[in-house]
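> What would the 3D arrangement of this be:
(one chain, ligands or ions: 1)
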Amino acid sequence: MKTVFSYVKPYKWPIAIALILMLIELSVELIQPLIIAKIIDDGIMKDDVSVIWTWGGVMMLMAIIAFLSGATNSFFASHASQSFGFDVRTALFKQVQQFTVATFTKFPTAGLITRLTSDVTMVQNVLFMSLRIMLRAPLLVIGSIIMAFIVNAYLAMFLVIGAPFLIFFLYYMVKKGVSYFALVQVRLDRVNRVLQENLQAVRLVKAYLRGTFESSRFEKVSNLLKMDTVKALRVMEIILPLLLLVMNISLLAVLWFGASEIKSNNAQIGELVAIVNYAMRMTGAFSMFAFIIMAFARAKASAERMEEVLLVNEGLERDEETGKMLGTTEGEISFHNVTFSYPNTLEPVLKNISFAVKSGEKLAIMGATGAGKSTLLQLIPRFFEATTGLVKVDGKDVNKWSLDQLRQAIGLVPQQSLLFTGSIYQNLAWGKIEASIEELQHAAKQAQIHTSIEQFAKGYDTRVGQKGVNLSGGQKQRLSIARALVRKPEILLLDDSTSALDVKTEAALWEALDKEQATMLVVTQKIRTAKGADRVLLLDNGQIAAYGSHEELLETSDLYRQIAESQQEQEVPAHATDSI
Ligand SMILES: Nc1ncnc2c1ncn2[C@@H]1O[C@H](COP(=O)(O)OP(=O)(O)OP(=O)(O)O)[C@@H](O)[C@H]1O
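Numbers count the residues shown, from 1 in each chain. Have a look, this model is predicted:
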């Protein structure tokens, strides 16, 4: 909790002012019964109108002070709490951005979204309410007891007799509340996850007629959320009436013994009225307790979840040589006996991989599905680090590169073309904000998408829907390639990024890309593509099955020959020579 609370520190002054103002408001509230007692005992009982006027005036003045304090308190409380929320959300976002790809597997996306939104809002609201009303309740209870003792110690005693019960009930409420509400937030994560999955796969759900099934899946998680929230609220619902029962018994005792004290002239009516007034205020404060403790319990659970993200230290990306200028890369890539296992698995996905690609060369990576092709690419921008062995760029271990410089030199086109909501221009300029319109259009021409864009009614200003819903698979792939090309990377990593293109467009694309001097690693299933590469790396179950030029592999590798033959049978002869 320490880390989350450190974000409150910069606002200690607004918080202090808000608290002082709240104390002023509270003091007025506590002094008022005393004044009422004075008006009754010295004014009404003694028939002295001047006392009533004087103290009535004081009461009025105090009410105005309380009003002004309350309004200013609200201003400072909202400033402090909203700024705290902003800071902590920003810090969480920055922290998440630094996560290694491996750390993301520990924190599911939907959970991170809840932590950055609902959890932050929860803590932020509790901070606001603490400064505004929450702290008033406990202070009102303590203040009322003190004032009651000042007025009449004997009668005040009956107000504190139930204290051990009250403390026990409150302790129980907090203890149970925190654990139940932590579970409620986990349930909320699940609801968000199912919702997110469904929204992302909306077409699939419709095409497979899974609407009813998905609805019942959603109902199930939503129901769990409801049941656990009800369970958490039930604790509060049982405890609150118990608190009130204890308070009401105390109040009855005050009235009973107060009456006999008045009879025996040991107390005045005004005193009894004041004590009853304090008891009523305490009862009111206790009714607020259930709400307060519930909010605190929820906020504590939320703060702990935020803390988990803020405290990640192991899984953060680190720059070995941050700040050192290393110059432009040449784009040479080499793997030296690389073995790699994913963090949560034992079996290596890549085993003893060694190869080298010179600057400007093109390497085609082939292999069956699950052979480890994408994994191999991911080791170059250091999304994951090799378990053993070395991955080098320009002869230098990738772990020794500044991450920014390493990634600046790499243009990655992932298997799934991910686009962002915004115009086509914005999507293209995503990797290089300062790119000129000419640069963007040049990249689009190279990626063979310029003509298609020109045909859209709004051209480059066409808005790309969420995840590119309004574009075809091939258009999305070409936009992703253009986005990578805008940066003029020295290394281009294409992960099966041309699978949706027709033969002619693909041929034109390769021709344009060949003119770039970039080193290219191209994951592909097509022999046609492999033929145009300088070398081919054939992976089989994480190991190199063959490595060499297309012609060499046709001679030496049975597996490669089989793939080539199987594809030859499928090829349309007219396009078969349409190579890269
Ligand atoms: N994040 C991950 N955690 C654990 N295992 C993973 C992870 N990502 C991939 N794998 C496993 O690693 C192996 C290689 O996956 P990879 O995506 O590199 O294969 P691929 O050759 O690119 O396959 P495809 O052609 O289907 O894309 C697979 O067995 C896969 O299950």
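> Contact partners for the residue nearest to L539 when sequence neighbours are not counted?
Distance criterion C-beta to C-beta, 6 or more residues apart in numbering; nearest residue to L539, sequence neighbours excluded, is G367 at 3.4 Å. The way it works is simple: take the backbone N, C-alpha and C, and place the C-beta from them, glycine included. Contact partners of G367, counting by C-beta atoms under 8 Å, 6 or more residues apart in numbering, are K373, L538, L539, D540, A545.
> ok, and which of these reach the ligand?
Checked against the ligand using C-beta under 6 Å from any ligand atom, those give the following subset in range: K373.
> want to try JSON lines for the contacts of G367, with neighbour count and secondary structure as columns?
Formatted as JSON lines, the contacts of G367 follow (neighbours: other C-beta atoms under 10 Å; DSSP: H, G, I helix; E, B strand; the rest coil):
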{"residue": "K373", "neighbour count": "24", "secondary structure": "helix"}
{"residue": "L538", "neighbour count": "22", "secondary structure": "strand"}
{"residue": "L539", "neighbour count": "24", "secondary structure": "strand"}
{"residue": "D540", "neighbour count": "15", "secondary structure": "strand"}
{"residue": "A545", "neighbour count": "18", "secondary structure": "strand"}
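> re earlier: where's the residue nearest to L539 relative to I563, distance?
As for G367, its distance to I563 is 9 Å (criterion: C-beta to C-beta, to the nearest Å).
> For the stretch 351-500 of the chain, which residues score under the pLDDT cut-off?
With pLDDT under 70 as the threshold, the stretch 351-500 of the chain has low-confidence stretches at 466-470.
> Any residues of it in contact with the ligand? List them.
Going by C-beta under 6 Å from any ligand atom, the residues of the stretch 351-500 of the chain near the ligand are G367, T369, G370, A371, G372, K373, S374, T375, Q415.
> Strands of the chain, residue ranges please.
Assigned by DSSP state E, the chain shows strands spanning 333-340, 350-357, 362-367, 388-393, 396-397, 410-413, 422-423, 463-464, 491-495, 519-523, 535-540, 543-548.
> Tabulate those (TSV), appending distance to P164.
Formatted as TSV, these follow (distance: least, C-beta to C-beta, whole Å):
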stretch	distance to P164
strand 333-340	61
strand 350-357	65
strand 362-367	72
strand 388-393	63
strand 396-397	66
strand 410-413	65
strand 422-423	62
strand 463-464	65
strand 491-495	67
strand 519-523	70
strand 535-540	71
strand 543-548	71
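> which regions of the stretch 201-350 of the chain sit below the pLDDT cut-off?
Counting by pLDDT under 70, the stretch 201-350 of the chain shows low-confidence ranges at 290, 318-328.
> burial measure for the residue of it found nearest the ligand, as a count.
Taking C-beta to the nearest ligand atom, the ligand has its nearest neighbour within the stretch 201-350 of the chain at Y342, 3.4 Å off. In terms of burial, Y342 registers 15 neighbours under the definition other C-beta atoms under 10 Å.
> next one: F75
Around F75 there are 13 other residues, counting by other C-beta under 10 Å.
> before we move on, the earlier item: among the residues of the stretch 351-500 of the chain next to the ligand, which one sits closest to M280?
Taking C-beta to C-beta as the measure, M280 lies nearest Q415 of those, at 68.2 Å.
> Now do the contacts for the residue of the stretch 51-200 of the chain found nearest the ligand.
When scored by C-beta to the nearest ligand atom, the stretch 51-200 of the chain has T105 as its residue closest to the ligand, at 5.8 Å. If a contact means C-beta under 8 Å, 6+ apart, then T105 has Y342, P343, N344 as its contacts.
> Which residues of this protein lie near the ligand?
Proximity of the chain to the ligand (C-beta under 6 Å from any ligand atom) is limited to residues 105, 342, 344-345, 349, 367, 369-375, 415.
> I'd like those written out as CSV, with distance to Q525 added.
Shown next, in CSV, are those (distance: C-beta to C-beta, whole Å):
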residue, distance to Q525
T105, 26
Y342, 23
N344, 27
T345, 24
V349, 19
G367, 9
T369, 9
G370, 13
A371, 11
G372, 14
K373, 9
S374, 12
T375, 16
Q415, 11
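> Just the buried residues of these.
Buried subset of these (neighbour count, 16 or more other C-beta atoms under 10 Å): V349, G367, A371, G372, K373, S374, T375, Q415.
> What distance do you get for the second one to K531?
Same thing as G367. Counting by C-beta to C-beta - G367 and K531 are separated by 16 Å.
> And the third one, by the same measure?
Distance of A371 to K531, given as C-beta to C-beta: 20 Å.
> Could you do the fifth one as well?
Distance of K373 to K531, computed by C-beta to C-beta: 18 Å.
> Next: the first one.
Computed with C-beta to C-beta, the distance linking V349 and K531 is 27 Å.
> what's the closest of the strands of the chain to N198?
Closest to N198 of the strands of the chain, according to C-beta to C-beta: strand 463-464, at 21.4 Å.
> Show the model's pLDDT score for S81.
Residue-level confidence at S81 comes out at 94, pLDDT.
> Check whether it really touches V120, as I assumed.
No. S81 sits out of contact with V120 when judged by C-beta atoms under 8 Å, with a separation of 10.8 Å.
> Reformat the contacts of T105 into a markdown table and put distance to F168 next to each item.
A markdown table is the format used below for these (distance: C-beta to C-beta, whole Å):
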| residue | distance to F168 |
| --- | --- |
| Y342 | 50 |
| P343 | 46 |
| N344 | 44 |
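> returning to that earlier point: so the residue of the stretch 201-350 of the chain closest to the ligand touches P348, yeah?
No. Applying C-beta under 8 Å as the test, Y342 and P348 come out as separate, 9.1 Å apart.
> got the contact list for L61?
No residues are in contact with L61 under the rule C-beta under 8 Å, 6+ apart.
> swap in G211?
The contact partners of G211, by C-beta under 8 Å, 6+ apart, come to V205.
> got it, and the one 3 residues further on?
For E214, the residues meeting the contact criterion (C-beta under 8 Å, 6+ apart) are V194, N198, V205.
> what's the single longest helix in the protein?
With residue count as the measure and DSSP state H as the assignment, the chain has helix 211-263 as its longest helix.
> Against F104, how distant is the closest residue to K358 other than its chain neighbours?
Nearest residue to K358, sequence neighbours excluded (C-beta to C-beta, 6+ apart): E332, at 5.9 Å. Summarising the geometry, the distance separating E332 from F104, computed by C-beta to C-beta, is 29 Å.
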